[in-house]
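Asker: From the sequence below, what's the structure:
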Amino acid sequence: MPTYPTVIILEVRDPGWIYNRKLPTGFGWFHPNLSIANALQKSYLPATTQVLIQSAMSLTENVFLPGVPKERILKSLAASPGNEIASGKLLSPVSSAALAVNSIGWFIERTDLFPAFPGMESLSPAESVDVEYQARFPWRGGHHPWLDGAVTTKTHLIGIESKRYEPFRDSKKPSFSDAYDRPVWEGIEPYAVLKDSLRTGDLKYEHLDAAQLVKHALGLCTDAKRKGLKPGLVYLYAEPTDIVESEHGRQDIARHRSEIADFAKRVASAQISFIGVSYHSWISSWTSSNPELHAHAQQLRSVFKL
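Answerer: Predicted coordinates:
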């Protein structure tokens, strides 16, 4: 029996927009060295597999809203360890990365239009905007954190951690290696306290991935210092309409909000600005009369059920 390489396998019964709710969820994977066209041409797919593709070479194109710099973002995604492209996760109808690159990435070439995050208005205007930003720890080796986006202003480096459905799935167990016990927490001691409380289990969150935020904060503080800037961290989260529709979902959303508020209170005295803001609140603050920005806001709300 031949061994088939891993390719993307789709059953696309509605050949329209990739996020259409009618689209089945039977996604497979990309093989990074094999295009769909080659897979079909060389008959690598099992004969029993039904593959209905409107335009095989443009599936990834459909992920991006108008005006988003596709090539640059795909290059950034390919360079990050999230494996969003090769795994096919970017094509998922519930992709968190797709929301992040479309909302933040749209401003890469429109930096002057980037709306300040509520609570960080004094840090504007933005001088650069990017997606998939690596914030390196103050040591070599190991895994350094990647954030979904970064905004640089005249005075600040602001990292963005974007969430969509993740907070409403299974909670993650906090994990910190011994490297985090090094004396590297000057100015952000509240995060070190959080680290220890999360590690021992004295502090638990059901929806908020606090350990990830602690690591992001340390990396951002280190990078900001190298650049001669002050650090900021934004937790940008979605509250999808299909979650809101159920009583259980509304309870989860309320707990998530409460955990964000608790986290913010615990780190308020640290020398890194932290805010938690929903996509709904951020997009609602876009008061510019620019027609492109207005259209982009409408598309984000519609496509991603915000």
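
Asker: hey, let's count contacts and neighbours off CA atoms from now on
Answerer: Noted.

Asker: residue ranges of the strands in the stretch 151-300 of the chain, please?
Answerer: 156-163, 230-237, 273-278 (DSSP state E, counting those that start in this stretch).

Asker: of all these, which lies closest to S289?
Answerer: For the strands of the stretch 151-300 of the chain, distance to S289 was read as CA to CA. The smallest value, 21.7 Å, belongs to strand 273-278.

Asker: strands paired with the closest one, and their directions?
Answerer: Sheet pairing here is set by DSSP bridges, and for strand 273-278 it gives strand 230-237 (parallel).

Asker: How about the contacts made by A150?
Answerer: By CA atoms under 8 Å, 6 or more residues apart in numbering, the contact set of A150 is V129, D130, V131, E132, Y133, L157, I158, G159, I160.

Asker: ok, now which ones touch the second one?
Answerer: Put plainly, it is D130. So D130 contacts I104, G105, I108, G149, A150, V151 (CA under 8 Å, 6+ apart).

Asker: before we move on, back to that, and the strands of the stretch 151-300 of the chain as TSV, adding mean neighbour count and mean pLDDT?
Answerer: Formatted as TSV, the strands of the stretch 151-300 of the chain follow (neighbours: other CA atoms under 10 Å; pLDDT from 0 to 100):
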stretch	mean neighbour count	mean pLDDT
strand 156-163	25	98
strand 230-237	22	98
strand 273-278	20	98
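
Asker: could you redo these as TSV and give each row distance to R257?
Answerer: Shown next, in TSV, are the strands of the stretch 151-300 of the chain (distance: least, CA to CA, whole Å):
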stretch	distance to R257
strand 156-163	13
strand 230-237	10
strand 273-278	9
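
Asker: out of those, nearest to P138?
Answerer: strand 230-237 (14.4 Å).

Asker: so how many other residues sit close to Q134?
Answerer: By other CA atoms under 10 Å, the residues close to Q134 number 20.

Asker: Make sure it is actually in contact with H144.
Answerer: Yes: under the criterion of CA atoms under 8 Å, Q134 makes contact with H144 at 6.9 Å.

Asker: Pick out the one among the contacts of D130 with the largest number of neighbours.
Answerer: Greatest neighbour count in those, by other CA under 10 Å, goes to G105: 28 neighbours.

Asker: Next one: it, what pLDDT does it get?
Answerer: pLDDT for G105: 97.

Asker: any idea how far Q271 is from it?
Answerer: Using CA to CA, to the nearest Å, G105 is found at 27 Å from Q271.

Asker: In the stretch 51-200 of the chain, where is pLDDT below threshold?
Answerer: 51-61, 86 (pLDDT under 70).

Asker: about what we covered before: would you format the contacts of D130 as a markdown table with secondary structure and distance to S284 included?
Answerer: A markdown table is the format used below for the contacts of D130 (DSSP: H, G, I helix; E, B strand; the rest coil; distance: CA to CA, whole Å):
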| residue | secondary structure | distance to S284 |
| --- | --- | --- |
| I104 | coil | 15 |
| G105 | helix | 18 |
| I108 | coil | 20 |
| G149 | strand | 20 |
| A150 | strand | 20 |
| V151 | strand | 19 |
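
Asker: Which of these sits closest to A217?
Answerer: Of the contacts of D130, the one sitting nearest to A217 (CA to CA) turns out to be A150, at 12.7 Å.
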